[in-house]
Structure formats: C-alpha cells, structure tokens
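Q: Prediction below, plus the sequence it came from.
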Amino acid sequence: MNAPGIWNRLDHRPLEGFVYAITPFNFTAIAGNLPTAPALMGNTVVWKPSPTQQAGGALHDAAARGGRAAPGVINLVTGDGLDVSAEVLTDPDLAGIHFTGSTPTFQHLWGQVGANIAGYRTYPRVVGETGGKDFVLAHPSADPDVLRTAMLRGAFEYQGQKCSAASRAFVPRSLWSVIRDDLVGLTESLSVGDVRDLSNFMGAVIDDRAFAKHDAALQRARSTPGIEVAAGGTADDSEGWFVRPTVLVGEDPRDEIFSTEYFGPILSVFVYDDAQWDDVLDLVDSGSAYALTGSVIAQDRYAVQQASERLRFAAGNFYVNDKPTGAVVGQQPFGGGRASGTNDKAGAMQNLQRWTSTRAIKETLVPPTAHEYPHMG
Ligand SMILES: NC(=O)c1ccc[n+]([C@@H]2O[C@H](COP(=O)([O-])OP(=O)(O)OC[C@H]3O[C@@H](n4cnc5c(N)ncnc54)[C@H](O)[C@@H]3O)[C@@H](O)[C@H]2O)c1
Ligand SMILES: N[C@@H](CCC=O)C(=O)O
C-alpha cells in the first residue's frame, strides 16, 4: 500500500548464506523437493540424502542438471549424517536447515544450531518435518467398510514406512465386533514380497536397523500382558527384511504401542465403550507427543464437527472419512506440529517463503526539506 508521494516495495531476498537440506530414506519426491525449494528462492544448497536413498538422490541431481540448474546451486554431499553435519553446522554461512526425518535427529540438529548460534552470520531458519503417531478415530456412526479400508490402506501401504501411516486406531466396541474378523482375515491375507511384482501389497522394510526395531516391538508386544496380537506379529530376515502386517489390540491406551513411532507395518487398536466418545477425543489429543496426521470416520455430521474442533492441534493434516495418508501436493499442503515438526508445509507456498528474507524499501518521491512539523506553529 502506498500513501501519496510514497512508493513502498518489498525485495524478497534469498538468505545470506547457504541452506542445508537433509532428506530421509522414504519418498523420493521429498528428496527432490527439499533442496529445490530453497534453490527456487535464490539460495545455494548443500544437500545430504539418506545413505539408503543415495541412488535416488543422484538421479534427482542428474535431472536437475539436465534441467539446466546452474552448477554449484545444489551441491549433493553423500555420507553419514553426523560426519557431514560436523562440518556444515559449524560453518558461519549456514543460513537455514530444510530437514525431513525422525524427531530425535531433528532435535539433535536444533540443539547443535543452538550451541553454535553465536558463530553464524545470520540466525539460521530451522525447518523440519518429522515423525508421527497418526490416528484413525472411528465414531459409532462410522461405515464399517470405510473404516476397515482406511485402517488397512492407512497402516500397511509402503510397509507403514511413511510418516503419515496410521499407527493407532480408536474403535467403538459396537463397531469392533462388526469389523474385527474381517480386518484380521484381510490383514493376514495381504501379500508381502518383491515390490517388482505388482500383485504384492507390501515389500520389505528399508534396512536391518528398521527390521530390528520392528522385530523388537513385536517381541515386546507378544510378551506384554494386556496386548493381543490379533494379526501378523512376526518378522523374517532370511531373504530380505520382511515384517508381516500386524494388528495389536491394547487394553492400556497409555502403553507405548499408542505413543511410540515404530515406522513399520504395526497398527495398534484401542477399543472404547461407545458411550465414551467424548473421553476418547481427549485420549487421541493427549496420547502421543506427535501431531502429524489423523482421520475421523463417522457418518454423524455433528461427530465430525466435534472431532475437527477438539483435535484441532492433534494433526497438521486432518482427514474426514479417509485414510490419514496420501496428501497431494497442491491440494493438501503437508506437515504437522508438536513433535512432528515446524509445520512449514513442504511443497507449499508457506514453505517457499521461509527461504527468503524480506527487505522493505520506502522511497519518498517528494522528500521533506525542513525539520519543523506543522503542529509546531
Ligand atoms: N513429516 C514428514 O513429512 C516426514 C516425511 C518422511 C519421513 N519422515 C520421518 O522420517 C523418519 C524416517 O526417515 P529416516 O529413517 O531416514 O530418518 P533419520 O532421522 O534417521 O534420517 C534422516 C536424515 O538425517 C540424516 N541424519 C541422521 N543423523 C543425523 C545427524 N546427527 N546430523 C545430520 N543428519 C543426520 C540421515 O542420514 C538422513 O539423511 C520417520 O521418523 C518419519 O516419520 C517424516
Ligand atoms: N506426504 C505423504 C507422507 C510423507 C511421509 O513419509 C503422505 O501424505 O502420505
């Protein structure tokens, strides 16, 4: 807005320094997006892909060069996170971090930036999308077929190795008795194998570290009183890191199966009394430190509205009568709050603005030539 005789304008400058993009092993699109977004806004980027996604990283890099990205704008550096960060995080020109990965890694990075803060030329922008314990909440009015499908697809596609994967479900007792056998039978029937065979629903998990984590979670579940392994519950690494899709039914909603991110094909179900819908809303909201995605399944419009309001801060991406996964760029900007990240919505306009530093310019077209003001007489 310009007052008479004044010309105001904004200069959206790139940050003063470079941006450090760190990408996870899953979702090759994330690997393309994280270094590219700051580069589009005029920044130079150091990009460290996950060691288990370096081939994809190299392909993206080649594609960027094929698309005539200027040399030196995006600089791919492979290697161990700690080793690369030891150099990058102490560089005075670090102007931003664009991270996607686990919550502990992001908290570690943030701590390192804090410890080095006096040594930087500018305050680095720290943007991170991290873990989740994503929920499916069913109301007694839910359509059983919609609920069962949201649970199966939401929890087990991509072996549950997406930050949005459904990993905790809250189902009223009346509906549980309707869907239980079907859910268990269908889970047991899901084919797990080579992803090149498109008839398979799931493949192996990413590496031995993930396999060991899932295997330990399943062993703990099998030996914990109050947890029933309703489907799956086994893992086999004799020919690849294969984990069976698993449904756990837990009596204690405060057990770690309802709060810890396993990042695998493990869905924990809590069965509540139908009359406790109101209490279960609080349970979903407070049961986990994360707030990435979640869905409510209900045909009762008032229940949808209640869940939307009471769970306003429990998910950055909230779904109604759908699985809590599969956000589409340009349609549902993606990201969450609380322990799930800074909610800067990777792939969306909000995110691009994080990589600029605005300069406001005021130009006075008829500049004053005397210091007295009219009220001085
Ligand atoms: N919210 C989202 O949009 C989103 C999307 C995908 C994955 N994720 C999360 O990512 C996690 C799975 O990915 P992951 O196993 O690759 O995560 P991770 O945290 O182990 O690794 C992520 C990246 O950080 C690097 N890294 C690890 N330690 C580091 C350190 N000390 N300094 C610098 N870099 C370091 C890794 O090499 C990798 O490139 C899950 O928690 C998942 O929920 C979140
Ligand atoms: N944005 C993806 C999840 C990315 C995380 O791994 C989804 O919405 O399912």
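A: Perfect, I can see it now. Ligands and ions are numbered 1, 2, ... in the order given.

Q: Contacts only, for P253.
A: Applying CB atoms under 8 Å, 6 or more residues apart in numbering to P253 gives the contacts F270, L283, G287. C-beta here means a position set from N, CA and C on the backbone, and glycine is covered the same way.

Q: Per-residue pLDDT of the residue in the chain that ligand 1 sits nearest to, please?
A: Residue of the chain nearest ligand 1, by CB to the nearest ligand atom: G81 (2.2 Å). Per-residue confidence (pLDDT) for G81: 93.

Q: measure it to K48 for me?
A: 7 Å (CB to CB, to the nearest Å).

Q: Wait, the residue of the chain closest to ligand 1 touches I22, no?
A: Yes. Counting by CB atoms under 8 Å, G81 does reach I22; the two are 7.0 Å apart.

Q: When those two are compared, which one has more neighbours?
A: Per other CB atoms under 10 Å, whichever of G81 and I22 has more neighbours is I22, with 24 against 15.

Q: Return the residues of the stretch 101-250 of the chain in contact with ligand 1.
A: Neighbours of ligand 1 within the stretch 101-250 of the chain, by CB under 6 Å from any ligand atom: G101, S102, T105, H108, L109, E129, T130, G131, G132, C163.

Q: which residues touch the fifth one?
A: Okay, so that is L109. I22, S85, L89, I97, F99, V126, G128.

Q: For it, identify the helix or strand it belongs to.
A: Following DSSP states H and E, one finds L109 within helix 103-115.

Q: Now do the same for stretch 156-163: mean pLDDT, whole number.
A: Stretch 156-163 carries an average pLDDT of 98.

Q: which residues do G81 and K48 both contact?
A: Counting by CB under 8 Å, 6+ apart, the common neighbours of G81 and K48 are I22.

Q: Would you mark the buried spots in the lowest-mean-pLDDT helix or strand in the chain?
A: Every helix and strand of the chain was ranked by mean pLDDT, DSSP states H and E. The lowest is helix 54-66, at a mean of 74. The neighbour-count check on helix 54-66 (16 or more other CB atoms under 10 Å) flags Q54, G56, G57, H60, D61, A64 as buried.

Q: same question, stretch 194-210
A: The neighbour-count check on stretch 194-210 (16+ other CB under 10 Å) flags F201, M202, G203, A204, V205, I206, A210 as buried.

Q: so which of these comes closest to L76?
A: Closest approach to L76 among the buried residues of stretch 194-210 (CB to CB): I206, at 20.1 Å.

Q: got the contact list for the closest one?
A: F25, N26, T52, Q161, W241.

Q: Need phi/psi at it.
A: When read as degrees, to the nearest 10, the backbone of I206 gives phi -70, psi -40.

Q: hang on, the earlier thing: could you dump the contacts of P253 into CSV with secondary structure added?
A: Formatted as CSV, these follow (DSSP: H, G, I helix; E, B strand; the rest coil):
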residue, secondary structure
F270, strand
L283, helix
G287, coil
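
Q: Looking at neighbours, which among these is most surrounded?
A: Busiest of the contacts of P253 [other CB under 10 Å] is F270, holding 24 neighbours.

Q: hey, what's that one bridged with?
A: Beta-bridge pairing for F270 (DSSP bridges): F170.

Q: So which residues of the stretch 251-377 of the chain form helices?
A: Assigned helices in the stretch 251-377 of the chain, in chain order: 277-286, 301-310, 349-353 (criterion: DSSP state H, counting those that start in this stretch).

Q: Now mean pLDDT and distance to ligand 2 too, for those, in JSON lines please.
A: Listed next are the helices of the stretch 251-377 of the chain as JSON lines, based on pLDDT from 0 to 100; distance: least, CB to the nearest ligand atom, whole Å:
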{"stretch": "helix 277-286", "mean pLDDT": "98", "distance to ligand 2": "19"}
{"stretch": "helix 301-310", "mean pLDDT": "98", "distance to ligand 2": "18"}
{"stretch": "helix 349-353", "mean pLDDT": "95", "distance to ligand 2": "13"}
